[in-house]
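Participant: Could you look at this predicted model? Sequence included:
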Amino acid sequence: MASTKNLSRFWEWGKKIICVGRNYAEHAKELKNTVPTEPVLFLKSPTAYVKEGAPAVIPFYSNNLHHEVELGVVIGKGGKDIPQALAMDHVGGYALCLDMTARDVQDKCKEKGLPWTLAKAFDTSCPVSDFIPKDKIQDPHNVKIWLKVNDSLRQEGSTSSMIFSIPFLISYISKIISLEEGDLILTGTPKGVASVQENDEMVAGIDDIISMTFKVEKHL
Ligand SMILES: CC(=O)CC(=O)C(=O)O
Ligand SMILES: [Mg+2]
């Protein structure tokens, strides 16, 4: 049984943020990427976390910051080599997350075969909602995640379109990186990613379960 003790402020724990890329075929296609046959993984720094009330900041070296709305899975019980059949026991809850991406920098990293750290892991690149207790989302593979910028709908997708399910991802990741209580897994974004500008307001939600608002600011 997963514990939910103290997980309500998981973002303060300094644990890992493990991100899955290209987990929705329509998003992989919109960026002209191939649809993966194995999960694409990358990490964010714990200093990427930002909570409502503080801004998502455009890094000084980027002119094209993109939003990516994603369902986050908060690990409630750590483990290594977790079998798929037991994986959901390791879920403590969920969070709505934005995988803010410096797309121009990522494109250059891809061209040069370099890692995506500058594009994905900078401070404030992971705005997160309040913790969502596990029982508030009955079926995490059947919720709608959405994002508006200045009241205009940009992204809307069902988690039923994920290529790799949450149990598969937990099992796959835990064979490579041991999972710990308080880790967060970002499960990938549906299509509709696009740029944000200074002073834009991003509002995102999961069905009518939770919503959150973040302002965009420029690095000074
Ligand atoms: C191409 C990407 O940036 C992959 C990613 O983060 C995703 O959610 O998909
Ligand atoms: Mg992403």
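Facilitator: Arrived safely, thanks for sending. Ligands and ions are numbered 1, 2, ... in the order given.
Participant: tell me which parts of the protein are close to ligand 2?
Facilitator: Along the chain, the residues adjacent to ligand 2 under the rule CB under 5 Å from the ion are 68, 99, 189. (Each C-beta comes from the backbone N, C-alpha and C, glycine too.)
Participant: Report the separation between the second one and ligand 1.
Facilitator: By that I understand residue 99. Counting by CB to the nearest ligand atom, to the nearest Å, the separation of residue 99 from ligand 1 is 5 Å.
Participant: ok, the nearest residue to that residue once chain neighbours are set aside - how many residues close by?
Facilitator: Closest residue to residue 99 apart from its sequence neighbours, by CB to CB, 6 or more residues apart in numbering: residue 68 at 4.0 Å. Using other CB atoms under 10 Å, residue 68 is surrounded by 24 other residues.
Participant: Residue 68 contacts residue 96, correct?
Facilitator: No - at 11.8 Å, residue 68 and residue 96 do not qualify as touching, with contact defined as CB atoms under 8 Å.
Participant: residues near whichever residue of the chain sits closest to ligand 1, how many?
Facilitator: Nearest residue of the chain to ligand 1: residue 21, at 3.0 Å (CB to the nearest ligand atom). Neighbourhood size, residue 21 [other CB under 10 Å]: 23.
Participant: Following element in sequence after the worst-scoring helix or strand of the chain on mean pLDDT, please.
Facilitator: Lowest mean confidence among the helices and strands of the chain (mean pLDDT, DSSP states H and E): helix 25-30, at a mean of 95. Counting by DSSP states H and E, the next helix or strand C-terminal to helix 25-30 is strand 40-44.
Participant: In its sheet, which strands sit next to that next one, and in what direction?
Facilitator: strand 17-21 (antiparallel) (DSSP bridges).
Participant: How far off centre is the partner strand?
Facilitator: Relative to the chain's own centre, strand 17-21 is displaced by 6 Å; criterion: CA atoms, centre = their mean, to the nearest Å.
Participant: go on, stretch 164-173?
Facilitator: The chain centre lies 14 Å from the centre of stretch 164-173; the measure is CA atoms, centre = their mean.
Participant: Just confirm residue 96 is within a strand.
Facilitator: Yes - under DSSP: H, G, I helix; E, B strand; the rest coil, residue 96 sits within a strand.
Participant: Count the neighbours of the closest residue to it other than its chain neighbours for me.
Facilitator: Nearest non-adjacent residue to residue 96, counting by CB to CB, 6+ apart: residue 129, 4.0 Å away. Residues lying near residue 129 (other CB under 10 Å) number 23.
Participant: just checking, residue 129 touches residue 210?
Facilitator: Yes - here residue 129 reaches residue 210: they are 5.1 Å apart, a contact under CB under 8 Å.
Participant: quick revisit: for the residue of the chain closest to ligand 1, name its beta-bridge partners.
Facilitator: Bridge pairing for residue 21 - DSSP bridges - gives residue 40.
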